[in-house]
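Enquirer: Build the 3D model from these lines:
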Amino acid sequence: MSLFKARDWWSTVLGEKEEFDQGCLCVADVDNSGTGQDKIIVGSYMGYLRIFNPRPVKPGDEIQPEDLLLEVQLREPILQVEVGKFVSGTEGLHLAVLHCRKLCVYAVSGTLGNVEHGNQYQIKLMYEHNLQRTACNMTYGPFGGVKGRDLICIQSMDGMLMLFEQESYAFGRFLPGFLLPGPLTYSSRTDSFITVSSCRQVESYKYQVLAFATDADERQETEQQKLSSGKRVAVDWVLNIGEQALDICVVSFNRAVSSVFVLGERNFFCLKDNGQIRFMKKLDYSPSCFIPYCSVKEGTINTLVGNHSKMLNVYQDITLKWATQLPHIPVSVKVANLQDLKGVIVTLSDDGHLQCSYLGTDPSLFQAPRVDSREINYEEFEAEMKELQKIIKEATKTQDILPKSEKHRDLIVTAEVSPDLDAESQAIDSEVKAEAVPSVTVKITVQSRVTAQKPNLAVCVQAPLAVTCDQFVFDDLEPDSSETVVLSVFLKGNCSPSELEGNCLVSYNIPTGIPKVAQCNFRLPLRLVCSPAQPSKAANHKITIDTNKPPISFLTIFPDFVDPSEDDQANVLGFQFLTGSKTTLLASKTSQRYRIQSDQLEDLWLITKELTLRLEEHFKKQNCKDFACTFSGSIPLQEYFELIDRHFELRSNAEKFQELLSERAVQFRAIERRLLTRFKDKTPAPLQHLDTLLEGTFREVIALADAAEENQANVFQAFTKLKSATHLMIMLISLWQKLSTDQVAILEATFLPLAEDTPELGWEETVDAAISYLLRTCLSKSSKEQALTLSSQLCMPKDTSRLKKNITLFCDRLAKGGRLSLSTDSDTQQATVMPGGCTTIPESDLEERTVIPGSTATFPNHGQIAKQKSKP
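Expert: Below you'll find the predicted structure:
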């Protein structure tokens with residue numbers, strides 16, 4: 001425990017991403033309690049006003065809810081808060097809040113509470129002044145020697161001093177030779193305002209001089225003002241300090257001489273009332289704030305000076321008496337009396353760390369307890385355990401309001417997909433340009449164990465797949481009865497689907513009126529969207545899947561695509577999609593690898609998924625439980641980004657078509673109104689080619705509508721291709737990093753959040769928000785990244801550069817050991833480092849490499865990273 005460390009008596013963090021500055025902190029008995037205890041008033045640039053009354057049970061306790069007396073959000077940023085006698089007719093303290101264009105004075109009052117939540121506090125607006133100029137700071141005091149009340153002086157950004165006599169505006173004066181505003185304070189002893197000008201000199205202006213000077217209606221003096229009888233603003237005294245000042249404070253204690261303290265960038269000065277230097281102290285650090293306070297030694301003044309090294313120095317005149325370490329950089333420091341503890345140091349940082357501390361240290365009173373050497377009585381422990389188990393058993397006997405679900409469901413729905421394609425295709429209105437579009441029959445059976453009222457069956461498949469009938473309505477099902485329907489699934493759109501799965505959902509009511517749902521999934525055959533074809537040697541996109549078992553002949557795992565009489569299909573197989581593209585599957589003869597290659601990246605997905613599923617089923621039948629697939633190649637990010645750019649470009653075109661259609665529609669309606677007016681006119685007038693303009697506009701509207709409709713179809717196809725490529729990326733990443741089932745679920749929720757694209761909510765902004773959240777939480781590198789706040793509004797971005805950057809960073813974090821988790825404990829995530837990474841591997845047995853130059857991203861494995869770090 002360091003002796004030179006500020007002891008935390010009470011602390012808290014204000015808000016999230018709020019900013020504070022020098023004038024945002026004030027301590028005073030703002031609620032006029034009369035107990036002599038100060039309250040802490042804090043205002044922020046976000047407009048939040050908070051009042052605290054710290055009452056920790058013991059030093060260092062966390063903040064309690066009752067410590068926050070009041071929190072209110074004002075409409076404008078708060079530049080400064082002060083407490084004084086600002087309301088006429090009373091000498092009670094009131095709170096003055098300075099905004100950029102407004103000065104508000106509030107009364108803070110409390111109401112005794114009758115419950116344990118304590119007293120209730122509220123603020124009441126007494127009056128406000130709307131400012132004609134942007135405010136910088138303010139000061140207050142008994143200007144002109146008035147008794148029992150305080151006046152307010154506000155300095156504007158253009159150098160005007162605006163003085164307010166409580167509820168009324170008094171006058172305004174421009175400071176001569178003004179360039180930039182500086183700190184401002186008021187000396188009641190000399191009745192003058194003291195500031196530091198841009199000339200780096202301390203200037204003092206008498207209140208009487210300002211009051212009798214010419215009124216400042218304009219910044220520049222006109223010839224008429226120069227010839228008028230009013231006096232010009234004249235400075236009382238000037239002192240050149242040679243540096244800009246951070247703050248000014250006037251002190252007048254009973255035991256000390258009245259002094260003016262000025263904190264500069266490299267020195268702090270103590271001046272007499274007439275501007276002469278009493279003493280100065282050269283600082284060897286960069287100060288941030290200061291506050292003079294009364295010293296126990298007669299004739300001296302103590303000063304607290306905070307700096308940017310998180311230190312708080314205590315000076316007695318120019319002698320350093322103490323130095324203490326703070327946990328943050330203070331921008332404002334005050335000395336307060338809190339809970340019968342006098343001299344509490346209150347500090348505030350620019351990011352909202354508010355701390356009440358004291359100096360010195362605490363004695364360590366801890367003593368190690370003596371070891372109890374008594375023998376353990378196992379009989380007593382066993383009796384106690386039985387008693388506790390009895391209590392637990394009694395507590396778990398409570399009956400639930402709703403009956404517990406039975407072991408067997410009331411209604412079961414099953415789907416059976418025919419192993420063969422339909423002899424006669426049932427495809428209807430298919431857009432596929434192939435010679436024949438196959439279909440497959442799905443038999444759905446609904447079995448009910450109870451009475452099912454109004455059962456409805458809905459069959460869903462992902463577009464571009466379609467079903468011959470997707471809705472079925474049955475009569476009420478009796479117990480132990482069943483219904484069977486038969487339908488066909490076929491490819492309707494002219495693009496390959498991203499999923500070969502369907503879903504059946506039955507909704508019904510039981511006799512008690514409770515609605516229930518039963519559902520099941522079914523898997524469609526690959527032959528529905530592709531057929532056997534000759535393998536292709538050349539391809540633009542290639543990926544390699546590694547396994548831990550010898551390669552299996554395609555005659556075994558793809559019997560529906562190979563001809564048993566052709567032995568050359570045992571290690572190579574071609575797939576021809578109905579949309580026209582071709583994919584080739586190869587098995588290595590010497591290694592445990594499979595290569596999938598195609599001219600289109602999205603076409604690799606269905607074949608890769610089918611390969612892994614059939615391999616898993618094959619080895620499961622062989623009772624092999626340790627089969628695993630891995631991926632050690634390069635993640636094809638560049639090709640993936642091309643699909644993202646294409647989809648985003650079509651979405652942008654859709655917005656442009658929408659804008660153009662709106663413009664032409666407005667033009668069309670305006671021409672119609674003109675023509676209608678001409679036709680209704682009793683005296684016919686020439687149309688002036690309005691009919692020709694109407695016809696031309698109509699043709700433009702039709703052409704734009706056709707183009708928008710075509711673009712919408714292209715957007716759908718691009719989104720389907722993007723989903724297929726995204727599925728492939730998820731599989732490659734999961735095999736690359738050996739992700740668990742939960743982590744793969746997080747990956748799918750991140751990259752596939754939408755079932756379909758809409759103009760209001762698109763794939764790009766949704767995925768970007770999800771990836772940004774993961775980078776800020778479980779994949780973050782520092783607490784600074786975790787402190788970033790994400791935007792709560794999703795809108796279409798201007799381009800995809802941010803999204804592509806985040807995806808690349810996401811893969812890089814995974815390559816360096818990051819783990820996916822929805823837990824907020826970042827330390828746990830960073831501590832769990834799994835082996836992984838990927839590098840390009842040679843594939844001599846496949847004659848080519850899977851790495852395409854200039855189109856893939858390569859991430860180093862952990863072994864290489866460790867070696868690089870170990871080098872000197």
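
Enquirer: switch to C-alpha atoms for all contacts and neighbour counts from now on
Expert: Noted.

Enquirer: hey, where'd the helices end up in the stretch 601-750 of the chain?
Expert: Ranges of helices within the stretch 601-750 of the chain are 604-621, 637-680, 690-737, 741-751, based on DSSP state H, counting those that start in this stretch.

Enquirer: again with the stretch 101-250 of the chain
Expert: Under the criterion DSSP H, counting those that start in this stretch, helices of the stretch 101-250 of the chain are mapped to 207-212, 223-227.

Enquirer: Flag every buried residue along the first one.
Expert: In other words, helix 207-212. Residues of helix 207-212 classed as buried: 207, 209-211 (neighbour count, 16 or more other Cα atoms under 10 Å).

Enquirer: Could I get the average pLDDT for it?
Expert: The pLDDT scores in helix 207-212 average 89.

Enquirer: The closest residue to residue 751 other than its chain neighbours: helix or strand, and which one exactly?
Expert: Take residue 751 and drop its neighbours on the chain: the residue closest to it by Cα to Cα, 6 or more residues apart in numbering is residue 767, 5.6 Å away. Using DSSP states H and E, residue 767 maps to helix 763-776.

Enquirer: Could the C-alpha coordinates of that helix be exported in CSV?
Expert: Listed next in CSV are the C-alpha coordinates belonging to helix 763-776 (Å, rounded to 0.1, in the frame of the first residue of the first chain):
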residue,chain,number,x,y,z
TRP,A,763,-27.6,-7.8,-45.6
GLU,A,764,-24.6,-5.4,-45.6
GLU,A,765,-25.6,-3.1,-42.7
THR,A,766,-27.0,-6.0,-40.6
VAL,A,767,-23.8,-8.2,-41.0
ASP,A,768,-21.6,-5.1,-40.4
ALA,A,769,-23.4,-4.4,-37.1
ALA,A,770,-23.1,-8.0,-36.0
ILE,A,771,-19.4,-8.3,-36.8
SER,A,772,-18.7,-4.9,-35.2
TYR,A,773,-20.4,-6.2,-32.0
LEU,A,774,-18.2,-9.4,-32.0
LEU,A,775,-15.0,-7.3,-32.6
ARG,A,776,-16.1,-5.0,-29.7
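
Enquirer: Out of the helices of the stretch 601-750 of the chain, the one nearest residue 322 is which?
Expert: helix 741-751 (53.8 Å; Cα to Cα).

Enquirer: and this protein, what are its domains?
Expert: Split into domains by the TED database, the chain comes to 5-212+233-360, 411-526, 529-631, 637-815.

Enquirer: Low-confidence bits of the stretch 651-800 of the chain, can you list those?
Expert: The model of the stretch 651-800 of the chain has pLDDT under 70 over residues 684-685, 782-792.

Enquirer: JSON lines for the domains of the chain, including distance to residue 821?
Expert: Formatted as JSON lines, these follow (distance: least, Cα to Cα, whole Å):
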{"stretch": "domain 5-212+233-360", "distance to residue 821": "24"}
{"stretch": "domain 411-526", "distance to residue 821": "26"}
{"stretch": "domain 529-631", "distance to residue 821": "21"}
{"stretch": "domain 637-815", "distance to residue 821": "6"}
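
Enquirer: quick one on the thing from earlier: how far off helix 741-751 does the helix holding residue 767 point, in degrees?
Expert: 140 degrees (axes from the mean of the first three to the mean of the last three Cα atoms, to 10 degrees).

Enquirer: circling back to that earlier point, export the buried residues of helix 207-212 to a markdown table and tack on distance to residue 669?
Expert: Output for the buried residues of helix 207-212, formatted as a markdown table (distance: Cα to Cα, whole Å):
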| residue | distance to residue 669 |
| --- | --- |
| 207 | 68 |
| 209 | 69 |
| 210 | 65 |
| 211 | 65 |
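
Enquirer: which stretches of the stretch 451-600 of the chain form helices?
Expert: 554-557.

Enquirer: Residue 383: helix or strand, and which one exactly?
Expert: Using DSSP H and E, residue 383 falls in helix 378-395.

Enquirer: Extract the CA atoms of that helix and return them as CSV.
Expert: C-alpha atoms of helix 378-395 as CSV (Å, rounded to 0.1, in the frame of the first residue of the first chain):
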residue,chain,number,x,y,z
TYR,A,378,-18.4,-37.1,9.6
GLU,A,379,-21.6,-38.3,11.4
GLU,A,380,-22.7,-34.7,12.0
PHE,A,381,-21.9,-33.8,8.4
GLU,A,382,-23.9,-36.7,7.1
ALA,A,383,-26.9,-35.8,9.3
GLU,A,384,-26.7,-32.2,8.1
MET,A,385,-26.5,-33.3,4.5
LYS,A,386,-29.6,-35.5,4.9
GLU,A,387,-31.5,-32.6,6.5
LEU,A,388,-30.6,-30.3,3.6
GLN,A,389,-31.6,-32.9,1.0
LYS,A,390,-34.9,-33.3,2.7
ILE,A,391,-35.5,-29.5,2.5
ILE,A,392,-34.6,-29.5,-1.2
LYS,A,393,-36.9,-32.4,-1.9
GLU,A,394,-39.8,-30.6,-0.2
ALA,A,395,-39.1,-27.4,-2.0
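
Enquirer: any idea which element residue 83 lies in?
Expert: strand 80-84.

Enquirer: what packs against the next helix or strand after that strand?
Expert: Tracing the chain past strand 80-84, the next element assigned as helix or strand by DSSP H and E is strand 94-98. With contacts taken as 3 or more Cα pairs under 8 Å, 6 or more residues apart in numbering; DSSP states H and E, strand 94-98 sits against strand 80-84, strand 102-111, strand 135-141.

Enquirer: Out of those strands, flag the one nearest residue 349.
Expert: For residue 349, the closest of the helices and strands packed on strand 94-98 is strand 80-84, at 14.8 Å, according to Cα to Cα.

Enquirer: So what angle separates the directions of that closest one and strand 102-111?
Expert: Compare the direction of strand 80-84 with that of strand 102-111 by the same axes, to 10 degrees and you get 60 degrees.

Enquirer: Let me see the mean pLDDT of strand 80-84.
Expert: With pLDDT averaged residue by residue, strand 80-84 scores 94.

Enquirer: quick revisit: need the contact list for the residue nearest to residue 751.
Expert: By Cα atoms under 8 Å, 6 or more residues apart in numbering, the contact set of residue 767 is 750-753, 803.

Enquirer: ditto for residue 295
Expert: Neighbouring residues of residue 295 by Cα under 8 Å, 6+ apart: 301-302, 316.

Enquirer: For the closest residue to residue 259 other than its chain neighbours, the count of nearby residues, please.
Expert: Counting by Cα to Cα, 6+ apart, residue 259 lies nearest to residue 272, which is 5.2 Å off, once chain neighbours are set aside. Here the number of neighbours of residue 272 (other Cα atoms under 10 Å) works out to 15.

Enquirer: ok, now residue 96?
Expert: Look at residue 96: counted by other Cα under 10 Å, it has 25 neighbours.

Enquirer: what does residue 514 give?
Expert: Neighbours of residue 514 using other Cα under 10 Å come to 8.

Enquirer: swap in residue 49?
Expert: Quick note: residue 49 (other Cα under 10 Å) scores 20 neighbours.

Enquirer: Report whether it is found in a strand, as I expect.
Expert: Yes: membership of residue 49 in a strand is supported by DSSP: H, G, I helix; E, B strand; the rest coil.
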